[in-house]
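> one predicted model, sequence on top.
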Amino acid sequence: MSDQEQASQSAVAIKLQTAKQKKETGDQAFKNGDVKAALFSYHETLMYLLGLDKNALQSLGVGPSTTPQKDKDGKDKEKTEVDDMIEKVYANMSACHMKNGNWQRVLDTAEKALAKNEENWKVQFRKAKALGEQGYCDKGIKILEDIKKKNPTDAAIYDSEISRLRAIDNEKDKANKAKLKGFLSREKKTSKTVDAEEEKLVPIEKPASATIEEVS
C-alpha cells in the first residue's frame, strides 16, 4: 500500500469514527428531549459520512449492510454499514422534525432514509403522516394500507392513522362543499339583484337624428 493510500485510509477511518461519535451525541440529545441539539449533531454526522470512499471503507473492514436491499431486478443492492448509519440518521431526523411539527422536513428526511431502506416501517409511517398533515390524505392512506399488508404486526397503529386521515379528509370535503355552496348562493343573489335593477330602468328615447337644411 502506497503512502497516499495509507493517508486516504487513515482519513476515512477518522471521519468514520467522528461520525459515530456525533451520531451517539445526537441519539442521546434526542432521548433527553433536546431536539435542536439532536438535529445539529445529526447534520454533523452526515457531513462526515456522505461521500466516504467505498474502497477505503472496504480496506478498513467495513462490512456489508445488516439490512440488504433488492433492486427492481431482484438483485442485491450494494450497501454497507455506512449506508445503514446514514439511513438511521435520516430516520432519526424525521422523528425530530415530527416532534417540531415541521411536516415538509419530515417528508424530506423520510424519503432519504427510505432510499437506503424502503422497508423501514417506522419511517414509512412518518412519511404517510407527513403527507396527511400537508393535505395529501389519499397518498398517506395509500402508503398505510400498503405497509399494513407488509407489516401486519403494527396493523392496529396503521388502522388508527388511516381512520384519522379519513376523518380529516371528510372534514376538508365538507368545508369545500360549504364554501362552494356559499359562493353559488352569493352568485344567485347577485344575479337576482341585477335583474331587479334592470327592470327599474326607464328606457331613454333616442333623439331624432339632426338634419342639415340645404341652402339654395
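Received, thanks.
> quick one: low-confidence residue ranges for the chain.
Within the chain, the stretches falling below the threshold (pLDDT under 70) are 1-8, 54-56, 58-78, 183-185, 187-216.
> can we see that at 90?
Within the chain, the stretches with pLDDT under 90 are 1-14, 50-81, 172-216.
> where do the helices sit along it?
3-31, 35-49, 54-59, 81-100, 103-116, 121-133, 137-150, 155-200 (DSSP state H).
> quick one: the fourth one to helix 121-133, angle?
So that's helix 81-100. 40 degrees (axes from the mean of the first three to the mean of the last three C-alpha atoms, to 10 degrees).
> let's have the chain start at 19 instead
OK, 19 is where the count begins now, so the last one is helix 99-118.
> which positions within helix 99-118 qualify as buried?
Under the neighbour-count criterion of 16 or more other C-beta atoms under 10 Å, helix 99-118 has 100-116 buried. For glycine as for every other residue, the C-beta is placed from the backbone atoms N, C-alpha and C.
> quick one: contacts of stretch 109-124?
With C-beta atoms under 8 Å, 6 or more residues apart in numbering as the test, stretch 109-124 has contacts from 44-45, 48, 53, 56-57, 60, 127-128, 131, 138, 140-141, 144-145, 147-148, 151-152.
> and the helices of the chain, which is most packed in?
helix 139-151 (a mean of 22; mean count of other C-beta atoms under 10 Å).
> report the inter-axis angle for that helix versus helix 121-134.
Using the same axes, to 10 degrees, helix 139-151 lies at 150 degrees relative to helix 121-134.
> relative to helix 155-168, how tilted is helix 139-151?
Using the same axes, to 10 degrees: helix 139-151 against helix 155-168 is 160 degrees.
> residues contacting residue 180?
Here residue 180 is in contact with 159, 162, 163 (C-beta under 8 Å, 6+ apart).
> between these, which is closest to residue 190?
residue 159 (13.2 Å; C-beta to C-beta).
> show me what contacts that closest one?
So residue 159 contacts 146, 150, 180, 183, 184 (C-beta under 8 Å, 6+ apart).
> distance of it relative to residue 135?
Residue 159 is 22 Å from residue 135, where distance means C-beta to C-beta, to the nearest Å.
> repeat for residue 147
In terms of C-beta to C-beta, residue 147 sits 18 Å off from residue 135.
> what do you get for residue 58?
Separation of residue 58 from residue 135 (C-beta to C-beta): 24 Å.
> likewise residue 39?
For residue 39 relative to residue 135 (C-beta to C-beta), the value is 23 Å.
> kindly report the same for residue 195.
For residue 195, the distance to residue 135 - C-beta to C-beta - is 41 Å.
> and for residue 122?
Distance from residue 122 to residue 135, by C-beta to C-beta: 22 Å.
> over to residue 33?
Distance of residue 33 to residue 135, computed by C-beta to C-beta: 22 Å.
> next: residue 155.
Taking C-beta to C-beta, one finds residue 155 at 25 Å from residue 135.
> same thing with residue 124?
Residue 124 is 17 Å from residue 135, by C-beta to C-beta.
> residue 64 reaches residue 103, doesn't it?
No. Using C-beta atoms under 8 Å, residue 64 is not in contact with residue 103; the gap is 9.6 Å.
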